[in-house]
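Engineer: No letters, just coordinates:
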């Protein structure tokens, strides 16, 4: 069985070396890059399982890159950054990152977070990558929502994880605690705000009335219920 591939994008040689050593010792394959241009060129030749991305890059805005990776590549993205403010973390998660690790960090924590993201992806994956509900078809293999006319709307990996969670448990209450356990990616206010944004974006893409959504209902003080009729395959 091929070991998962983790790409590392950070302009600090010591951090690239430290992460490479820790991840390879834990059994992962790695590719490390100092510049976004090199990293993006490599993505045209290979598909990583997890991308570790520093925000302070010399040749590209890190947040813009994270958003493009999440939306266009459907990649699992973990931000590694010295920006420790809550708003920075929320912004990163809102733009599609799956997790956010603040520098300085223990390499063992990064390894644990990578394993958690891979475990979440494996355990949440249904037998089919296609699901249908209320006139919509969702293609998890290419991160796209298709309507009845065939028009497709892309969604990020992080948005897809939320949608997958709803589709696997239709017409059942999903609490914030259950979402936190299944999806990870921060805690407390950071997690709550990131979830609010992802759900809001999913509602927009599904053409929902924000004041009276029909599919993703908020149960105030409890969580959410997805009211669609779902079939897989």
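Structural biologist: That came in fine, so what should we check first? From a predicted model like this one, the values you see are computed outputs, not experimental measurements. Numbering: from 1, shown residues only.

Engineer: Give me the secondary structure label for the most far-flung residue of the chain relative to its centre.
Structural biologist: In the chain, residue 149 marks the outermost C-alpha relative to the chain mean, sitting 27.6 Å out by CA atoms, centre = their mean. Under DSSP: H, G, I helix; E, B strand; the rest coil, residue 149 falls in the coil class.

Engineer: ok, the spatially most central residue of the chain to residue 193 distance?
Structural biologist: Most central in the chain under CA atoms, centre = their mean is residue 158, positioned 2.9 Å from the mean C-alpha point. Distance, residue 158 to residue 193, by CB to CB, to the nearest Å: 13 Å. Every C-beta, even on glycine, is put in place using the N, C-alpha and C of the backbone.

Engineer: Spit out the residues that contact these two alike.
Structural biologist: residue 93 (CB atoms under 8 Å, 6 or more residues apart in numbering).

Engineer: List the contacts of residue 70.
Structural biologist: Residue 70 touches 77, 95-98, 156-158, counting by CB under 8 Å, 6+ apart.

Engineer: Quick check: which ranges of this protein have low pLDDT?
Structural biologist: Applying pLDDT under 70 to the chain flags the ranges 1, 71, 74, 120-127, 184-188.

Engineer: Where do the helices of it begin and end?
Structural biologist: 13-25, 36-43, 62-68, 86-94, 107-124, 157-168, 176-183, 188-205 (DSSP state H).

Engineer: Buried deepest among those, which one?
Structural biologist: Mean neighbour count, computed with mean count of other CB atoms under 10 Å, is highest for helix 157-168 among those, reaching a mean of 22.

Engineer: now it and helix 176-183, what's the angle there?
Structural biologist: If you take axes from the mean of the first three to the mean of the last three CA atoms, to 10 degrees, helix 157-168 sits at 120 degrees to helix 176-183.

Engineer: what's the spacing between the residue nearest to the centre of the chain and residue 222?
Structural biologist: 22 Å.

Engineer: Report the distance from stretch 38-55 to the chain centre.
Structural biologist: A distance of 15 Å separates the centroid of the chain from that of stretch 38-55, by CA atoms, centre = their mean, to the nearest Å.

Engineer: cool, and stretch 47-58?
Structural biologist: On CA atoms, centre = their mean, the centre of stretch 47-58 falls 13 Å from that of its chain.

Engineer: Could you pull up the contacting residues of residue 231?
Structural biologist: Taking CB under 8 Å, 6+ apart, one finds 131-133 in contact with residue 231.

Engineer: switch the cut-off to 7 Å
Structural biologist: Counting by CB atoms under 7 Å, 6 or more residues apart in numbering, residue 231 makes contact with 131-132.
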